[in-house]
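In: Any chance you could fold what I've pasted below:
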Amino acid sequence: MADAQQMRKAFQNFPLIRVLSATGNPPDLYTIEYRINSLTRGNGGQPILREQHHVEIQLTRDYPRQSPKCRMLTPIFHPNIEPAAICVGDHWTAAERLTDLVIRIGEMLALQAYNIQSPLDGEAAMWVDLNRSLLPTDKRDLRPPELA
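Out: All right, here's what the predicted structure looks like:
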């Protein structure tokens, strides 16, 4: 319940990230909308700009000891994200707040954060490596004022 209250308070008036739905009592399934400049595959496989993204975050029975399961609901072009998974486990600790994870995913979408050494999408990793001068795709601070 503490996570749900913090999520509601942090993102209720924040234009870049908002909670579209929180299912369960207490919530264990969230749909998050990001209004962040990122990339998706265009015709011919070349990345093009996309400004709106939806992510599903599911809290497991072992949460917070184990990281939530996170997946994209909209297309994305990122080295550490594929449709079925967002690679957040390497950096997860039980002390991390759910709001911090939501912000970290936003930073990934904005290509403020990525790891090309162990990619889920090799093609995206190669593109990022060759086009670092174009990154990040969104430079805005994604932390709501309530969490600053």
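In: okay, CA-based contacts and neighbour counts for the rest of this
Out: Noted.
In: Grab the most central residue of the protein for me.
Out: With distances taken as C-alpha atoms, centre = their mean, residue 105 lies nearest the centre of the chain, 2.2 Å away.
In: Now name the helix or strand holding that residue.
Out: helix 98-109 (DSSP states H and E).
In: next structured bit after that helix?
Out: For helix 98-109, the succeeding helix or strand toward the C-terminus, using DSSP H and E, is helix 122-130.
In: rewinding a little: helices and strands around the helix holding residue 105, which ones?
Out: The helices and strands touching helix 98-109, judged by 3 or more C-alpha pairs under 8 Å, 6 or more residues apart in numbering; DSSP states H and E, are helix 2-11.
In: Tell me the helices and strands packed up against the helix it packs on.
Out: Contacting helix 2-11 under the criterion 3+ C-alpha pairs under 8 Å, 6+ apart are the following elements: strand 17-24, helix 98-109.
In: Next, the buried residues of the shortest one.
Out: For strand 17-24, burial by neighbour count (16 or more other C-alpha atoms under 10 Å) applies to 17, 18, 19, 22.
In: Likewise for stretch 7-15?
Out: Neighbour counts using 16+ other C-alpha under 10 Å place 7, 10, 11 of stretch 7-15 among the buried residues.
In: do the same with stretch 38-47
Out: Using 16+ other C-alpha under 10 Å as the test for burial, stretch 38-47 gives 38, 39, 40, 41, 47.
In: residues touching the first one, list them.
Out: For residue 38, the contacting residues are 49, 50, 51, 76, 77, 109, 110, 111, 137, 138, taking C-alpha atoms under 8 Å, 6 or more residues apart in numbering as the criterion.
In: who's residue 85 bridged to?
Out: Note on residue 85: beta-bridge partners residue 82, judged by DSSP bridges.
In: Report the contact partners of it.
Out: Contacts here follow C-alpha under 8 Å, 6+ apart; on that basis residue 85 touches 69, 70, 71, 72.
In: out of the residues you listed, who's nearest residue 95?
Out: In terms of C-alpha to C-alpha, no member of those lies closer to residue 95 than residue 69, at 16.5 Å.
In: Quick check: residue 4 touching residue 27?
Out: Yes: assessed by C-alpha atoms under 8 Å, residue 4 is found in contact with residue 27 at 6.5 Å.
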